[in-house]
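J.: pasting the structure only:
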Ligand SMILES: Nc1nc2c(ncn2[C@@H]2O[C@H](COP(=O)(O)OP(=O)(O)OP(=O)(O)O)[C@@H](O)[C@H]2O)c(=O)[nH]1
Ligand SMILES: [Mg+2]
């Protein structure tokens, strides 16, 4: 490669391989400046990702981040893919010039074995001792040069999460990596790993007991579930109690903007478009940014802390009882952000039945797009009072809604499990084999970057899809204009009004008025749009000339509590999300499964909303 590099710099192809959770993606991000998802549990990367960077001498590199694997003996399909990529057997991938075997220096006993398998492929390679910061903290000493001699391949240290933590690797790649090692591969990899460790690594006697002590509490049969409940509780409390001032700020900004537009523009369609469509609609969704960021602050911190696999461990018995495997945990967890990546993450589930069940229940996990809807309704209808001296009632209701999603996922998978065993697709209950990663304090800088990324995604959604849909809705809600001498709000006579009134027939039994019916339609493209759409519909229906009222105030005054609760129940199941349905179709390769899930979710949503509405009506 070095000769080739000197002669005109053709791009060198690199591939990152290694065990799960050793920091491959962190290293990939460090080298290429990209922001792929990194988290402290195994199986985060499920798709190969490609990136590029340039070395100090101008050498161009193309680098591939692969899903983690435990072995190159192809036992599972993803391990077979990793092996095929390393050997250039896939038509779509060029043969990598250099394999970068990444190991966590804190877990050499397991990871070195894999590196030995990589070496046996007989390709040029580099061994990266990643997480050197933690290894040092644990008091380990690794004789890097001796290890390189023993292995016959270059060895570099790295700290993938530090600013210049991959410097040594970049310099080595830039200089050029020697040809494939010629060292014969021993038959017994286990024994060879033990021999290498004995020769090159000194473990400290004072190995940290911290993780063991933490696990004694966090995995304890009684304390463990208690702590888990408390953590989730705190998270939902924070969403309401911390966001207040920030949300007030955004609201004040919007009111100021509305006042400005009203002051400088003459009354007419354009002013209506700006105030009722853009500011009330898209702006109405933007108000929820602080709450979404608080939720993600918790999710990101939990992901980095190493606590999540412990939570999976605590929930394993419940999940297996419900017909899900422990492997379903990560996909279901990702679905709290959005069901689309969650459903894609089911690729790591080997058993087809388990995978299908996980795909079918993933939309029941409360995705972050539902948060604005919940927050709006809770803010409008649930009093901001304290229960039992400590808990905020609004946070409590939000917690209940999330739990309702989880409970229904468990119930649905139990039903599906029975159904599958009746139809003869037998069980293969696999025990949960989860690696428990080291506990780690989340790095504030990484958290900040992660939050910024989230904020960017949300604001972009508001600025593109949500804005266009609310503007479209404003158009449909403003035209045709009401007939001469008409009383009542103009929107009643518009196209949107006609659609809303037509749909009302279907939704009246669950307490939805025609305004909600209108909002549900654009909400199919993205759930948050429902909030913007409601804001626009109500801004248009507001015949009074009083200063534009906030949506929460308007619906609080016009809807009954049963309607609000019914809409909340509807959104626990909220089947109407086109991207989720599309990804279900793609991942299962079956339109039937897609329709099946849409149908079952709609039925559940309707049923739950119906019950909620009538029970609430009877009680109030
Ligand atoms: N302290 C420390 N943490 C690191 C280092 N490299 C990675 N991490 C953390 O290790 C965890 C795993 O990193 P990832 O990059 O997601 O690991 P991966 O190898 O891509 O994992 P899979 O995609 O599951 O195969 C994350 O919590 C990272 O922040 C390092 O050098 N030092
Ligand atoms: Mg990864």
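T.: Arrived safely, thanks for sending. Quick caveat: nothing in here was measured; it's all calculated off a predicted structure. Numbering: from 1, shown residues only. Ligands and ions are numbered 1, 2, ... in the order given.
J.: ok, which stretches of the stretch 201-350 of the chain are strands?
T.: The residue ranges that make up the strands of the stretch 201-350 of the chain, judged by DSSP state E, counting those that start in this stretch, are 201-202.
J.: so which residue of it comes closest to ligand 1?
T.: Residue nearest to ligand 1 within the stretch 201-350 of the chain: residue 304 (5.0 Å; Cβ to the nearest ligand atom). (Each C-beta comes from the backbone N, C-alpha and C, glycine too.)
J.: tell me the contacts of that residue?
T.: By Cβ atoms under 8 Å, 6 or more residues apart in numbering, the contact set of residue 304 is 39-40, 440, 442-443, 446-447.
J.: check the residues you listed for burial and list the buried ones.
T.: The neighbour-count test (16 or more other Cβ atoms under 10 Å) applied to the contacts of residue 304 identifies 39-40, 442, 447 as buried.
J.: redo the residues you listed as TSV? Include pLDDT, distance to residue 172 and secondary structure.
T.: Formatted as TSV, the entries for the buried ones among the contacts of residue 304 read as follows, by pLDDT from 0 to 100; distance: Cβ to Cβ, whole Å; DSSP: H, G, I helix; E, B strand; the rest coil:
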residue	pLDDT	distance to residue 172	secondary structure
39	81	28	coil
40	76	27	coil
442	90	30	coil
447	91	31	helix
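J.: ok, those vs ligand 2, which is closest?
T.: Looking at the buried ones among the contacts of residue 304 and their distance to ligand 2, the nearest is residue 39, at 8.4 Å (Cβ to the ion).
J.: so which residues on the stretch 1-150 of the chain come close to ligand 1?
T.: Contact residues (Cβ under 6 Å from any ligand atom) of the stretch 1-150 of the chain with ligand 1: 20-26, 38-40, 42-45, 67-68, 130-131, 133-134.
J.: could you pull up the residues touching the residue in the stretch 501-620 of the chain positioned nearest to ligand 1?
T.: Of all residues in the stretch 501-620 of the chain, the one sitting closest to ligand 1 is residue 587 (18.9 Å; Cβ to the nearest ligand atom). For residue 587, the contacting residues are 343-344, 346-347, 359, by Cβ under 8 Å, 6+ apart.
J.: OK, contacts around residue 405?
T.: 364-366, 572.
J.: average model confidence for the helix or strand harbouring the residue of the stretch 501-620 of the chain closest to ligand 1?
T.: Element membership of residue 587, judged by DSSP states H and E, is helix 578-588. For helix 578-588, mean pLDDT is 90.
J.: repeat that for stretch 537-556.
T.: When pLDDT is averaged over stretch 537-556, the result is 69.
J.: which helix or strand contains the residue located most distally from the centre of the chain?
T.: Of all residues in the chain, residue 485 has its C-alpha farthest from the mean position, at 52.2 Å, by Cα atoms, centre = their mean. Residue 485 is part of no helix or strand when elements are defined by DSSP H and E.
J.: now do the buried residues in stretch 588-607.
T.: For stretch 588-607, burial by neighbour count (16+ other Cβ under 10 Å) applies to 588, 593-594, 597-598, 600-601, 604-606.
J.: CSV for those, including distance to residue 285 and secondary structure?
T.: Output for those, formatted as CSV (distance: Cβ to Cβ, whole Å; DSSP: H, G, I helix; E, B strand; the rest coil):
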residue, distance to residue 285, secondary structure
588, 31, helix
593, 31, helix
594, 27, helix
597, 26, helix
598, 24, helix
600, 28, helix
601, 23, helix
604, 26, helix
605, 21, helix
606, 25, helix
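J.: look up how far residue 23 lies from the closest residue to ligand 1 within the stretch 351-500 of the chain.
T.: Residue of the stretch 351-500 of the chain nearest ligand 1, by Cβ to the nearest ligand atom: residue 440 (6.0 Å). The span separating residue 440 from residue 23 equals 11 Å under the rule Cβ to Cβ, to the nearest Å.
J.: what do you get for residue 236?
T.: Relative to residue 23, residue 236 is positioned 31 Å away (Cβ to Cβ).
J.: residue contacts, residue 243?
T.: Contacts of residue 243 were listed using Cβ under 8 Å, 6+ apart, and they are 290-291, 294.
J.: next one: stretch 327-346 to chain centre, how far?
T.: With Cα atoms, centre = their mean, to the nearest Å as the basis, the distance from the averaged C-alpha position of stretch 327-346 to the chain average is 7 Å.
J.: let me fix that: stretch 179-192
T.: Distance, centroid of stretch 179-192 to centroid of chain: 40 Å (Cα atoms, centre = their mean).
J.: end to end, how far does it reach?
T.: 22 Å (Cα to Cα, to the nearest Å).
J.: give me the number of residues near residue 449?
T.: Around residue 449 sit 14 other residues, with neighbours defined as other Cβ atoms under 10 Å.
J.: element containing it?
T.: Under the assignment given by DSSP H and E, the secondary-structure element containing residue 449 is helix 444-461.
J.: quick one: buried residues of that helix?
T.: Along helix 444-461, these residues count as buried under the neighbour rule (16+ other Cβ under 10 Å): 447, 450-451, 454, 458, 461.
J.: for this structure, which residue gets nearest to ligand 1?
T.: Scanning the chain for proximity to ligand 1 using Cβ to the nearest ligand atom identifies residue 68 as nearest, at 2.5 Å.
J.: in contact with that residue: list those residues for me.
T.: Residue 68 touches 18-22, 24, 42-45, counting by Cβ under 8 Å, 6+ apart.
J.: now do residue 402
T.: Here residue 402 is in contact with 232, 236, 366 (criterion: Cβ under 8 Å, 6+ apart).
J.: switch the cut-off to 6 Å
T.: By Cβ atoms under 6 Å, 6 or more residues apart in numbering, residue 402 lies in contact with residue 366.
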